[in-house]
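Peer 1: okay, structure incoming, though there's no sequence with it:
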């Protein structure tokens, strides 16, 4: 479903050139749940921006469902981002004076073909993250964990081929973070393809595969081994609190 081949990315500042990604190659099958790990400066955010079609590589190829992103112009990339990729960010990025429902509807509002059932879709995904009764609340009226659930619902409303999450539990206390990870686990069980950037090993081990970056290269790419009787996170139903 996703193929990264000899990916390189450099940034220039005058005569100085900084290489951030150095020949990254890997493949992702449909339905995989992958964590990308690395300390600050290892290139994981740059890689995530390329995977999300927010940036282009300096060299190499990135193919999503057979389409090479390198060959697309800005308009085609914007269309693909809207229809094929869902984003979940650490900072939520919700419109502050807009209801949870309207925040979830935003990707459909900005789509080329606004669907007649946009509100119905938004309510359905809010229900899937346990926020049916919070549809008319503004972000200020929600806890941090609830805000991140709204962000997840917004990412899902277009039924994307790929869900990208950048430090999705970074601003949450443990209980809220566990609820968010439980939602990702449910989505994985339902067949969604998920790639999550995190610096935390305990968070990464909720995925099924971990890719570790070091100095812009893949240092490790391994499956997560779990005992058969491993205790799984319960289905997210409660509401946790946020650091903010």
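Peer 2: That came in fine, so what should we check first? Bear in mind that the values here come from a model prediction, so they are computed numbers and not experimental data. Numbers count the residues shown, from 1 in each chain.

Peer 1: show me where the chain has strands.
Peer 2: 2-13, 16-28, 33-37, 59-64, 67-68, 85-88, 162-166, 193-198, 209-214, 217-223 (DSSP state E).

Peer 1: now stretch 72-92, how far from the centre of its chain.
Peer 2: Mean C-alpha position of stretch 72-92 versus that of the full chain (Cα atoms, centre = their mean, to the nearest Å) differs by 11 Å.

Peer 1: now do stretch 143-153
Peer 2: Distance, stretch centre to chain centre, for stretch 143-153: 13 Å (Cα atoms, centre = their mean).

Peer 1: what's the answer for stretch 19-26, then?
Peer 2: That offset, for stretch 19-26, works out to 20 Å (Cα atoms, centre = their mean).

Peer 1: returning to that earlier point: tell me which of the strands of the chain lies nearest to residue 138.
Peer 2: Smallest distance to residue 138 across the strands of the chain (Cβ to Cβ): 19.4 Å, for strand 85-88. The C-beta positions use only the backbone N, C-alpha and C, and glycine is treated the same way.

Peer 1: which residues touch that closest one?
Peer 2: With Cβ atoms under 8 Å, 6 or more residues apart in numbering as the test, strand 85-88 has contacts from 51-53, 64, 107, 148, 151-152, 154-156, 158, 160-166, 168.

Peer 1: now with 6 Å?
Peer 2: For strand 85-88, the external contacting residues (Cβ atoms under 6 Å, 6 or more residues apart in numbering) are 52, 151-152, 155-156, 160, 162-165, 168.

Peer 1: of these, closest to residue 128?
Peer 2: For the contacts of strand 85-88, the nearest to residue 128 is residue 156 (7.3 Å; Cβ to Cβ).

Peer 1: number of residues surrounding that closest one?
Peer 2: Residue 156: 24 surrounding residues under other Cβ atoms under 10 Å.

Peer 1: so that it lines up with my notes, have the first residue be 323 from now on.
Peer 2: Sure, I'll start counting at 323 from here, so that last one is residue 478.

Peer 1: which ones are touching it?
Peer 2: Residue 478 sits next to 408, 447 when contact means Cβ under 6 Å, 6+ apart.

Peer 1: picking that back up, and which of the contacts of strand 407-410 is nearest to residue 502?
Peer 2: If you rank the contacts of strand 407-410 by distance to residue 502 using Cβ to Cβ, residue 490 comes first, at 5.6 Å.

Peer 1: any idea how far the residue nearest to the closest one when sequence neighbours are not counted is from residue 363?
Peer 2: Nearest non-adjacent residue to residue 490, counting by Cβ to Cβ, 6 or more residues apart in numbering: residue 410, 5.0 Å away. Per Cβ to Cβ, to the nearest Å, residue 410 is found 23 Å from residue 363.

Peer 1: of the two, which one has the most company?
Peer 2: Under the neighbour definition other Cβ under 10 Å, residue 410 and residue 363 were set side by side, and residue 410 has more, 25 against 13.

Peer 1: who's that one bridged to?
Peer 2: Note on residue 410: beta-bridge partners by DSSP bridges are residue 487.

Peer 1: now the helix ranked longest in the chain: buried residues?
Peer 2: Taking DSSP state H as the criterion, the chain has its longest helix at helix 496-511. Residues 498-507, 509-510 are the ones in helix 496-511 that count as buried (16 or more other Cβ atoms under 10 Å).

Peer 1: that helix: how far from the chain's middle?
Peer 2: In terms of Cα atoms, centre = their mean, the centre of helix 496-511 is found 13 Å from the chain centre.

Peer 1: quick one, the lowest-mean-pLDDT helix or strand in the chain and strand 484-488 angle?
Peer 2: Using mean pLDDT, DSSP states H and E, the weakest-scoring helix or strand in the chain turns out to be helix 396-406, at a mean of 88. Angle between the axes of helix 396-406 and strand 484-488 is 90 degrees (criterion: axes from the mean of the first three to the mean of the last three Cα atoms, to 10 degrees).
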